[in-house]
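**Student:** could you look at this predicted model? Sequence included:
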Amino acid sequence: MNIFLDANICLDLLDSKRPTSKESIDWYMNHKDNELWEFYFSSDFITTFYYVLAERRKYDASKVIASIEALSLEIFPHYLTHSDFIHAKRDFFEGQFKDFEDLMILNSVIRGGCELFVTNDKNLLELKEFHGIKIERPIL
């Protein structure tokens, strides 16, 4: 099964001081060795990780970069394409969801063949499902 992790989940894995970190870390540690599961995140999140951790949280920049690199070895970056934009635009104007950034990511998740999108985003969790992709919290 292909699992896509939202930026908030990856940030939880990178920064254990976040309020939802323990839950996300426990969930990931419980599932990461399942040989039938592969984990992905959007490569678009890399700049967000750096900004949040190095610029806002003031963690050492070289350690942040090393942490992002280590994360990328276990959880594979998935790159956005123009088709993600085209499909997100369609979904936006059809009223599927009003957060265009999230629609870009969700369409990337679909293109990547993922079956599960794991997030702590309340608005996304309210969807429960998007074009056949389950949307769930990281709960054991």
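**Tutor:** Perfect, thanks for sending it. All values derive from a computational prediction rather than experimental measurement. Numbering: from 1, shown residues only.

**Student:** contacts only, for the residue most central in space within the chain.
**Tutor:** Among the residues of the chain, the one closest to the centroid is residue 6, at 1.8 Å (CA atoms, centre = their mean). Counting by CB atoms under 8 Å, 6 or more residues apart in numbering, residue 6 touches 41, 105, 117-121, 124. Where you see a C-beta, it was placed from the backbone N, CA and C, and this is true even at glycine.

**Student:** just the pLDDT at it, thanks.
**Tutor:** pLDDT, residue 6: 98.

**Student:** swap in residue 139?
**Tutor:** 88.

**Student:** name the SS class of it, please.
**Tutor:** coil (DSSP: H, G, I helix; E, B strand; the rest coil).

**Student:** I figured it hits residue 27, correct?
**Tutor:** Yes - contact criterion CB atoms under 8 Å: residue 139 and residue 27 qualify, at 6.7 Å.

**Student:** which one's more surrounded, the two?
**Tutor:** The residue with more neighbours, out of residue 139 and residue 27, is residue 27; 20 against 9, by other CB atoms under 10 Å.
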